[in-house]
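Student: my questions are about this predicted structure, shown below with the sequence.
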Amino acid sequence: MYSKWTEYKEDSRAENAEDAEGKNTKLLNSTGRVFVEFKYVGKSIQRPDAVKKVTGKAYFLDDVKLPGMLYAAILRPEYAHAKIISIDTSEAEKCEGVVKVVTGKGCEFKYGDNIRDLTPFAVDKVRYIGEPVAAVIAENTHLAREAVKKIKVEYEPLPVLVDALDSLKDDAILIHEKSGEYWHLPGLGPKAGTNIANHYELKKGDIKKGFDDAEVFVEGEFVYPWGSSAAIEPHGSIVWFHEDKTIECWSSSICPFIIREELGRVYDLPLSDVRVHIPELGGCFGYKSDITVEQTIAWIASFVPGHPVKWVATRKEDLLSTLLGHGMRTRMKIGAKKDGTFTAMETTIYQSTGAYSDTGVHVSIGAGHNCGGAYEFPNAHLQSYLVYTNTPPVGAYRGYGHQESQFATERLIDILARKLNMSSFDLREKNYMGDGSVTALGEKLITSHGDVKKCADLVREAIFSKEKPAEDDKYYYGRGFSGVMKTPKGAPFSSKSCYLKFNADGSVAINMGGAEVGQGLRTVVQQVAAEVLMIPTEKIKVYTEIDTQFSPWEWQTIGSMFTTQGGRAVVRACKKAIKMMKKTAAQVLRVNIDNLKYDGEHVYLRNDPSLKLTVESLARGYMYDDGMTVGDVVHTTSDARLPRYSVPDANGQGTMGVSHTFGAQGCEIKIEKATGKIIIDHFASAFDVGRVINAQQIRGQVAGGVMMAIGASLCEELVFDSEGRCHNAMFRKYRFPTIKDAPEKQTIEFVETPGEIGPFGARGIGEHPVIGVAPSILNAVYDAVGIDFFRIPLTAEILKAEMDKK
Amino acid sequence: MKINVKVNGKKYERDVRENMTLLRFIREEIGLTGTKEGCGVGECGACTVILNGKTVNSCIVLAVEADGAVIETIEGEAKNGKMSKLQNSFHEHHAVQCGFCTPGMVLSAKTLLKENPKPSEHEIKEALEGNFCRCTGYQQIIEAIQDASGQMKK
């Protein structure tokens, strides 16, 4: 659906014309609009990193080898909540190859970027089953793991809380006795004397009036249980305390600058003395964001200064000792007029955030304020409780609170449509947000925020334009639909930056702090820069690793913000470079800078293009025939942040969403009568991404996101028993979709309503494809068998049991 | 224990612990880090190598079991600095995102195409079921294999 022609509004002509100055632009006077044909944007250029990846030469954390390297293994507790009475390390110390055994004894600091409640090691008590209790440093990983088994720990078990609702009871034991004392960002934080790590509340309009005005009501409780991002590359980290008192760290993380700031703070070093490297990342999907394992490995490494210490998680550790996703229970009530107009929404979310809340707090806030999805509710009362439990900490997971809470919204809208005896498409259409809408946060939308209706029409055409097959001997057939809306959940310093360097031959090097996790940001950088600089993508080399010593600052690569924000930074850096070349050329050609134009190869005089200088001759400044030089080397820097991000006001509102992406998803399924197995015949997605930058790549983003959420909908759940133990922390039991689970057909389409922030109008898309999947499938299940489900994963066994009851 | 193996055409003789996996041997003894560890227990396929013509999860094969074997790893797939047809196809079709499953995926596809030069979509899915990918949703991987086997629907 993306087109090579695009249309800019009159008022943005000047800026966009400058973006694509010269030969790619045609001004059509008859309409008064600027049309731009893109030369690089929208094309499927190949990923520069794919060659190294496909030949096995790309190096990831576990491939890093350093001189004098030692290896760590970590002991995890037998109990999910217990006092540590004693730790006996004597036997472990005697084992072959052991250099040092480390415990949390004497570790007094806490860390965290939002709520400082994390600790690198359990000190007096353990709070979840994956927590570090002790560690062995040895000559190799195998010996370290063998020795860890010899550590003896005496525990005094404490009552275990695994569900937020239990943690909220008056007589519940406190998981953090001192939670009220923890440092936290303004507006966030635990409620002392309770297990509440954060309470977020939003009020829009008058909720009482909204429900008084309503004539029809629907309500329900929906559960999106714990899951894991489960990238194929597990977490790992290397930390090296050097003899010169500096620290160097390598990590499979997307937040090198947060790691640097936190290590510097804790070990009392200038940030310039902490250097963090990020090699290639084997997937992220959320759980490699925020600081997770690095402080633990640093604590271990601090006992053997002079030696780098490497630790790579086993799969079980990756699932239970890093970050989980979701753990969310959503209670929602919607009120509507008989004609389908929504009047009010009341939502309370309980998130079982695990033993530490630093990484989950923004997830629960995002789930709260964006739970209304693609619809406008004039009155809303939305709350989310982030609650400590004796389970692994919850953190970012692709979708960041949106799929969990919009699962409730999209299921309830289908139920409401039935109650109103109305088409669910008509009901949705009546309430879609668009130009002039006001979000729950109080943000006013304009046309350029995107067009959910167009997306819905594309999905409707793909999935619902034909009659669905009639039930037969083997299968029931059903079709379902869901709208989607997501914004980033920003933070005060959520910026991205860019360093750009023109080389002497006119080629360009670009260095940024954004982490490539597989999403393909390097092609985005290349294509955006190529379009603005009007040079071929092959002449633009993009950074391959992040090093805080050399990379420009970036908060962290989350929130599907790189294309939008990082791309904006690239545009700004490119424009500065063009300006620098013009400045030198103006001096050399002795003309006013305004009279110069740039076309990718030359800077030339507007009214006499024969008077020109090559880009090569300007890249390092200009040299006259006699060897004298003038002008500056063409190096530029830039940054871009979300415009006017604010923290919540007294009503929980503010400009926190900023960049919206709307979309729609739907599916055709069949259910095997004999087994209850759900087979997805066709899944369709359409998103208004503003501008497609790389056609094949964006298709891969959507296809992969849909697949991931099919896993969450049908099979993925990390199950914790009442003692806080997990019995399925392995791929064999934590099943995520294999190639055989791929839908028979995926339709992926894009609408391009240019946005105001991103390069050429592009908006974020990385997370959005996961959001409407569970409600689409469960709405299709109702369509097929007439049973409403409120919890995922909907396994064949569960569905078959309910079908049998009917 | 002493073992002899031929990896990507080159002979190696090494003394190894009896409990050392083939994966550790390839990564640490020979230094070929293109073979990845995703789970360590034979469930995800990231450590796939070709052992005497058949794909195996090298994390659950002992190095001593491979004594005398001919092994192919991802590093042997490109010849004289040129990527194979299959590698080029993965590259062109955006079948690579994070790249961590890619070496195993390419080797499983290679073995499939050797045994069955024109596999159907169903046969591709059967052959690659043991190679997990969390990024792509698999569609572009299927397309890459179809194209490499001359069956791309244009």
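Tutor: Great, that's in hand. Numbering: from 1, shown residues only, chains lettered A, B, ... in the order given.

Student: number of nearby residues for A:I510?
Tutor: Neighbour count for A:I510, taken as other CB atoms under 10 Å in any protein chain shown: 21. (Glycine included, C-beta is placed from N, CA and C.)

Student: where do the helices of the stretch 1-150 of chain A begin and end?
Tutor: A:13-19, A:50-54, A:90-93, A:141-148 (DSSP state H, counting those that start in this stretch).

Student: for these, which one sits closest to chain B?
Tutor: Closest to chain B of the helices of the stretch 1-150 of chain A, according to CB to the nearest CB: helix A:50-54, at 2.9 Å.

Student: pretty sure A:K489 is in a helix, no?
Tutor: No. Under DSSP: H, G, I helix; E, B strand; the rest coil, A:K489 sits outside any helix and is assigned coil.

Student: now it. Nearest residue, chain neighbours left out?
Tutor: Nearest residue to A:K489, sequence neighbours excluded (CB to CB, 6 or more residues apart in numbering or on different chains): A:G366, at 4.0 Å.

Student: name the helix or strand for that neighbour, please.
Tutor: helix A:361-369 (DSSP states H and E).

Student: just want the angle from the helix or strand following that helix to helix A:361-369.
Tutor: Under the assignment DSSP H and E, the closest C-terminal helix or strand after helix A:361-369 is strand A:379-388. Strand A:379-388 and helix A:361-369 are oriented at 150 degrees to each other (axes from the mean of the first three to the mean of the last three CA atoms, to 10 degrees).

Student: quick one: average pLDDT of strand A:379-388?
Tutor: The pLDDT scores in strand A:379-388 average 98.

Student: roughly how far is that strand from the heart of the chain?
Tutor: Its chain's C-alpha centre and that of strand A:379-388 lie 21 Å apart, by CA atoms, centre = their mean, to the nearest Å.

Student: quick one: strands adjacent to that strand?
Tutor: In the sheet, strand A:379-388 lines up against strand A:196-204 (antiparallel), strand A:342-354 (parallel) (DSSP bridges).

Student: pick the most buried one from these.
Tutor: Mean neighbour count (mean count of other CB atoms under 10 Å in any protein chain shown) peaks for strand A:342-354 among these, with a mean of 26.

Student: mean confidence score for that strand?
Tutor: The model assigns strand A:342-354 a mean pLDDT of 98.

Student: with stretch A:758-766 instead?
Tutor: 95.

Student: distance between the ends of it?
Tutor: 14 Å (CA to CA, to the nearest Å).

Student: while we're on A:W5, how confident is the model there?
Tutor: 38.

Student: confidence-wise, which of the helices of the stretch 1-150 of chain A is weakest overall?
Tutor: helix A:13-19 (a mean of 40).

Student: which non-adjacent residue is nearest A:I593?
Tutor: A:A586 (4.2 Å).

Student: ok so, going back, wait, the residue nearest to A:K489 sits on A:Q403?
Tutor: No. If you go by CB atoms under 8 Å, A:G366 and A:Q403 don't touch, sitting 10.8 Å apart.

Student: who has more neighbours out of the two?
Tutor: A:Q403 (34 against 27).

Student: ok, back up a step: please identify the deepest-packed of the helices of the stretch 1-150 of chain A.
Tutor: helix A:50-54 (a mean of 24).

Student: can you show me the CA trace of that one as PDB?
Tutor: Listed next in PDB are the C-alpha coordinates belonging to helix A:50-54 (Å, rounded to 0.1, in the frame of the first residue of the first chain):
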ATOM      1  CA  ALA A  50      23.200  -9.400   7.400                       C
ATOM      2  CA  VAL A  51      26.400 -10.400   5.600                       C
ATOM      3  CA  LYS A  52      28.300 -10.900   8.900                       C
ATOM      4  CA  LYS A  53      25.300 -12.500  10.500                       C
ATOM      5  CA  VAL A  54      24.800 -15.000   7.600                       C
END
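
Student: what's that helix packed up against?
Tutor: helix B:85-92, helix B:102-115 (3 or more CB pairs under 8 Å, 6 or more residues apart in numbering or on different chains; DSSP states H and E).

Student: now the longest one: mean pLDDT?
Tutor: Along helix B:102-115, the predicted confidence averages to a pLDDT of 98.

Student: okay, now the unreliable bits of the stretch 551-700 of chain A?
Tutor: When the per-residue scores of the stretch 551-700 of chain A are filtered using pLDDT under 70, no range remains.

Student: enumerate the residues of it near chain B.
Tutor: A:696-697, A:699-700 (CB under 8 Å from any CB of the partner chain).

Student: apply 7 Å and report the result again.
Tutor: A:696-697, A:700 (CB under 7 Å from any CB of the partner chain).

Student: most surrounded residue in the residues you listed?
Tutor: Using other CB under 10 Å as the neighbour test, those are led by A:G700, with 26 neighbours.

Student: secondary structure element holding it?
Tutor: Using DSSP H and E, A:G700 sits in helix A:695-714.

Student: just name whatever secondary elements that helix is in contact with.
Tutor: strand A:678-688, strand A:745-751, helix A:773-785 (3 or more CB pairs under 7 Å, 6 or more residues apart in numbering or on different chains; DSSP states H and E).

Student: looking at the stretch 151-300 of chain A, which residue is nearest chain B?
Tutor: Ranking the residues of the stretch 151-300 of chain A by distance to chain B (CB to the nearest CB) places A:G282 first, at 3.0 Å.

Student: ok, that residue touching A:P234?
Tutor: No. A:G282 is beyond contact range of A:P234, at 8.2 Å (criterion: CB atoms under 7 Å).

Student: show me which of these two is the more surrounded one.
Tutor: More crowded of A:G282 and A:P234, by other CB under 10 Å: A:G282, with 30 against 27.

Student: quick one: residues contacting the more buried one.
Tutor: By CB atoms under 7 Å, 6 or more residues apart in numbering or on different chains, the contact set of A:G282 is A:60, A:231-233, B:98-100.

Student: can you add distance to A:I196, neighbour count and secondary structure and give those residues back as CSV?
Tutor: Shown next, in CSV, are the contacts of A:G282 (distance: CB to CB, whole Å; neighbours: other CB atoms under 10 Å in any protein chain shown; DSSP: H, G, I helix; E, B strand; the rest coil):
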residue, distance to A:I196, neighbour count, secondary structure
A:F60, 39, 20, strand
A:A231, 31, 26, coil
A:I232, 36, 27, coil
A:E233, 35, 29, coil
B:C98, 36, 29, coil
B:G99, 41, 30, coil
B:F100, 38, 31, coil
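
Student: closest to A:D639 out of those residues?
Tutor: B:C98 (26.4 Å; CB to CB).

Student: and that closest one, how far is that from A:K316?
Tutor: 21 Å (CB to CB, to the nearest Å).
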